[in-house]
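> Here's a sequence, model it:
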Amino acid sequence: MKKLVKLILNYFPRTILTRLSFIVKPIIRIYLRGNKFTDPIDGSSFRKFLPYGYNNVRENALSPSTFSLERHRLLWLYLKNETFFFTKNLKVLHFAPEAAYYKKFKNLPNITYHTTDINSPLATIKADICDLPINDDTYDFILCNHVLEHIIDDRKAMKELYRVLKKGGVGIFQVPLETTREKTYEDFSIVKPNERNIAFGQYDHVRVYGMDFFDRLSEVGFKVEKCNYAVKLKKEEIIKYCLPENEIIPVCVK
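The predicted model follows:
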């Protein structure tokens, strides 16, 4: 099973996988139904979650109902319990929208929801994150998760995020982060997918972020909070929802 997961993730484009997910989801939900683990995004429970990972495949990582990963479920709980995302009238921009959130966010009555990406079938604004066709100070809330590690000029992308966010607005910009690494590792001479996979942990990544990621965000103007939300949760909740215990959520305010 683990070898099959690696094969699918590394050889099929993400756009195709996104489309296929809508077809196979109903079958998987029925097959795995149970009550051991629960997806907090939709409340569905299962006897187990699906394995997931490009290199190191993690057990019970992918929810059969929303196809959320551990970080998606943690961020959902953070947004629901610690922010005004579900209650305040907001104009929201969501980069590379995850299928786990898309319908939920789109149907929230309190937000005006826009999505953007170059290739995603879920994006309504087809755009380059480094050159957005959006006016300054447009959005109250921006979600841009696991995007910046794909971008060569990530500082230019961060400047664009800062530009289109309103003063006082909030951005959440998660990335794969090695908390034991002080400096970000990047080498733009590495271009072949298999070599990037070895160097950066995924075939389409261009760096491995260290803790100086937060400095990069601060340098473009953001006030950054390093939020380890899992420490606020009970151990039983972490197990039940299959959450990461050391995920840092970068909460950025303009």
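> Find the residue at the geometric middle of this structure.
Asn145 (3.5 Å; CA atoms, centre = their mean).
> Helix, strand, or coil at Ile238?
helix (DSSP: H, G, I helix; E, B strand; the rest coil).
> no wait, Ile28
helix.
> show me what contacts it?
Leu50, Pro64 (CB atoms under 8 Å, 6 or more residues apart in numbering). Using the backbone N, CA and C atoms, a C-beta is placed for each residue, glycine as well.
> how about 6 Å then?
By CB atoms under 6 Å, 6 or more residues apart in numbering, the residues touching Ile28 are Pro64.
> could you check the distance from it over to Phe49?
10 Å (CB to CB, to the nearest Å).
> Gln202 is in contact with Tyr54, correct?
Yes. At 5.0 Å, Tyr54 counts as touching Gln202 under the criterion of CB atoms under 6 Å.
> pretty sure Ile111 contacts His94?
No. Taking contacts as CB under 6 Å, Ile111 lies outside contact range of His94: 9.9 Å.
> picking up where we left off before, is it true that the residue nearest to the centre of the chain touches Leu177?
No. The pair Asn145 / Leu177 is not scored as a contact, 11.6 Å apart, by CB under 6 Å.
> I'd like to know how far the nearest residue to Arg58 once chain neighbours are set aside sits from Ser44.
Using CB to CB, 6 or more residues apart in numbering and skipping the chain neighbours, the partner closest in space to Arg58 is Tyr52 (5.9 Å). The spacing between Tyr52 and Ser44, counted by CB to CB, is 17 Å.
> Name the residue in the two with the higher neighbour count.
Legend: neighbour count by other CB atoms under 10 Å for Tyr52 and Ser44, higher for Tyr52 (20 against 16).
> secondary structure class for the residue nearest to the centre of the chain?
Following three-state DSSP, Asn145 is assigned to coil.
> give me the element the closest residue in space to it that isn't next to it in sequence is part of.
Nearest residue to Asn145, sequence neighbours excluded (CB to CB, 6+ apart): Gln174, at 4.1 Å. Secondary structure assigned from DSSP states H and E places Gln174 in neither a helix nor a strand.
> pretty sure Gln174 is touching Val147, no?
No. In this structure, Gln174 is not within contact of Val147 by CB under 6 Å, at 8.9 Å.
> higher neighbour count, Tyr54 and Gln202?
Neighbours of Tyr54 and Gln202, each counted by other CB under 10 Å, are more numerous for Gln202; the result is 20 against 15.
> ok, now which ones touch the more buried one?
Applying CB under 6 Å, 6+ apart, the residues contacting Gln202 are Tyr54.
> and it, how far is that from His146?
Relative to His146, Gln202 is positioned 10 Å away (CB to CB).
> just Lys235 next, same as before
Counting by CB to CB - Lys235 and His146 are separated by 26 Å.
> One more: Pro244?
13 Å.
> what's the offset of stretch 133-149 from the middle of its chain?
For stretch 133-149, the separation from the chain centroid amounts to 13 Å (computed by CA atoms, centre = their mean, to the nearest Å).
> Just the CA trace of it, in PDB.
The C-alpha trace of stretch 133-149 is given here as PDB (Å, rounded to 0.1, in the frame of the first residue of the first chain):
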ATOM      1  CA  PRO A 133      -3.800  40.900 -10.900                       C
ATOM      2  CA  ILE A 134      -5.200  42.300  -7.700                       C
ATOM      3  CA  ASN A 135      -5.400  45.800  -6.200                       C
ATOM      4  CA  ASP A 136      -3.500  46.800  -3.100                       C
ATOM      5  CA  ASP A 137      -5.200  46.300   0.300                       C
ATOM      6  CA  THR A 138      -8.000  44.100  -1.100                       C
ATOM      7  CA  TYR A 139      -8.400  41.200   1.300                       C
ATOM      8  CA  ASP A 140      -9.100  40.800   5.000                       C
ATOM      9  CA  PHE A 141      -7.800  37.300   5.200                       C
ATOM     10  CA  ILE A 142      -5.400  35.300   3.000                       C
ATOM     11  CA  LEU A 143      -4.700  31.500   3.100                       C
ATOM     12  CA  CYS A 144      -1.600  30.400   1.300                       C
ATOM     13  CA  ASN A 145      -0.500  27.000   2.600                       C
ATOM     14  CA  HIS A 146       2.200  24.800   1.200                       C
ATOM     15  CA  VAL A 147       2.700  27.100  -1.800                       C
ATOM     16  CA  LEU A 148       5.900  29.100  -1.100                       C
ATOM     17  CA  GLU A 149       8.200  26.100  -1.100                       C
END
